[in-house]
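> build me a structure from this.
(4 chains)
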Number of protein chains: 2
Amino acid sequence: MLDITDMHILKELTKNSRITMKELGEKVHLTGPAASARVAKLEDNGIIEGYTIKVNQVKMGCLVHAIIHIYTKSTNHQPYLSFLKEHNQFIINNYKVSGESCYLLECKFPSNEILDEFLTGLSNLVGYKLSIVINK
Amino acid sequence: MLDITDMHILKELTKNSRITMKELGEKVHLTGPAASARVAKLEDNGIIEGYTIKVNQVKMGCLVHAIIHIYTKSTNHQPYLSFLKEHNQFIINNYKVSGESCYLLECKFPSNEILDEFLTGLSNLVGYKLSIVINK
DNA sequence: TTAACTCCTTTCATAAATAAAGTCAAACCG
DNA sequence: CGGTTTGACTTTATTTATGAAAGGAGTTAA
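Coordinates of the predicted model:
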């Protein structure tokens, strides 16, 4: 399905997705149009889901990176999921997981005060355990 | 520091970072060069850290998305960190966290067998609790 | 008022993307 | 064996975007 050139293309686009097709072609030993055709195929296959940017969260004013283990009390998760939607500006990921907890919620907050508010609202709906990311 | 137009630019680039500066300009009510200048400034400021792609992990053959809570036994974390480096093809994130566990390790594996091998190696170095992501 | 500054637009030369046509090699088949 | 098809690539030519330079409008402050 994917040959070595495709893998090379994905690697280069992961490093810099705004590279020109001509430059990408040079890196993977193809001409511009050939590289472009490969990329179009990767898009059509759904291998490449999209092009995006990495934003510096700290400079954007989001200093507190929290990971919250969620233990749902009731069988109805809807109130919790609605709560997330209302606060989606802070949410990075909400994974449903097997294991000890029910969900693993990854968030970023501009301050501890706002995290505190968030947790106060959250505690009405579910049980949780909080971890704060110190380093990556 | 960042005005409403900058925020709008970041939003559009997050949705599609391969958009042309002309199109981006149209979306945020600027000309191409003006949009381009704004983006250059965001790059210089370090707000935009880079341009990348979203790759469909499942289609790439990585089906098992695991989150592993790490409890280091010894005070020397180096063996664990070296182990991660040796298996870095599976590692998405390794967060040092405050809270119950020491690290929160996010990984993707092509199969349960390979996850099993990974855990076998891991258990020589640290204690862990495993969660498998069922849904996002 | 004027100077300095910022941010934008306009213009234009250069560079890249894209479409179309042509090349080549491998696979298939009468 | 020769001819046809197919797929992936290159080449070429046209369209389109980029990026540099010049200029204008609005703001601030001397």
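> how close does the residue lying closest to residue A:64 once chain neighbours are set aside sit to residue A:66?
Counting by C-beta to C-beta, 6 or more residues apart in numbering or on different chains, residue A:109 is the residue found nearest to residue A:64 once chain neighbours are left out, at 4.3 Å. Backbone N, C-alpha and C define where each C-beta goes, glycine included. In this view, residue A:109 and residue A:66 are 7 Å apart by C-beta to C-beta, to the nearest Å.
> need the residues touching each of these two.
Shared contacts of residue A:109 and residue A:66, defined by C-beta atoms under 8 Å, 6 or more residues apart in numbering or on different chains, are found at residue A:115.
> kindly report the residues of chain A close to DNA strand C.
Selection of chain A residues close to DNA strand C by C-beta under 7 Å from any atom of the strand yields A:20, A:21, A:22, A:23, A:32, A:33, A:36.
> again, 10 Å this time
Within chain A, the positions adjacent to DNA strand C are A:18-26, A:31-37, A:39-40 by C-beta under 10 Å from any atom of the strand.
> filter those to the buried ones?
Buried members of the residues of chain A next to DNA strand C, scored by 16 or more other C-beta atoms under 10 Å in any protein chain shown, are A:19, A:21, A:24, A:25, A:35, A:36, A:39.
> care to break chain A down by domain?
Using automatic domain parsing, the domain ranges for chain A come out as A:4-45, A:64-132.
> Throw those domains into CSV and include mean pLDDT, thanks.
Below are these laid out as CSV (pLDDT from 0 to 100):
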stretch, mean pLDDT
domain A:4-45, 95
domain A:64-132, 93
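> closest one to residue B:54 among these?
domain A:4-45 (9.4 Å; C-beta to C-beta).
> so which strand or helix has residue A:49?
Per DSSP states H and E, residue A:49 falls inside strand A:48-55.
> gap between the two ends of stretch A:86-104?
One end of stretch A:86-104 to the other measures 18 Å (C-alpha to C-alpha, to the nearest Å).
> centre of the chain to it, how far?
Offset of stretch A:86-104 from its chain centre (C-alpha atoms, centre = their mean, to the nearest Å): 12 Å.
> quick one: which of the buried ones among the residues of chain A next to DNA strand C is nearest to chain B?
residue A:19 (8.2 Å; C-beta to the nearest C-beta).
> contacting residues for that closest one?
So residue A:19 contacts A:12, A:13, A:27 (C-beta under 8 Å, 6+ apart).
> contacting residues for the closest residue to DNA strand C within chain A?
Closest to DNA strand C within chain A is residue A:20: 3.2 Å, counting by C-beta to the nearest atom of the strand. With contact set as C-beta under 8 Å, 6+ apart, residue A:20 has these partners: residue A:32.
> could you measure from it over to residue B:59?
26 Å.
> kindly report the same for residue A:69.
Separation of residue A:69 from residue B:59 (C-beta to C-beta): 29 Å.
> residue A:134: which of the contacts of residue A:19 is nearest?
residue A:13 (31.2 Å).
> looking at chain A, which helix is longest?
Taking DSSP state H as the criterion, chain A has its longest helix at helix A:32-45.
> and stretch A:96-106, how far out from the chain's middle?
The answer for stretch A:96-106 is 16 Å, by C-alpha atoms, centre = their mean.
> which residues touch it?
A:65-72, A:77, A:80, A:84, A:91-95, A:126, A:128-129, B:67, B:129-136.
> wait, what's in contact with the residue with the largest distance to the centre of chain A?
Most distant residue from the mean C-alpha position of chain A: residue A:31, 32.6 Å away (C-alpha atoms, centre = their mean). Neighbouring residues of residue A:31 by C-beta under 8 Å, 6+ apart: residue A:25.
> and the one 4 residues further on, by the same measure?
Neighbouring residues of residue A:35 by C-beta under 8 Å, 6+ apart: A:9, A:21, A:22, A:24, A:25, A:28.
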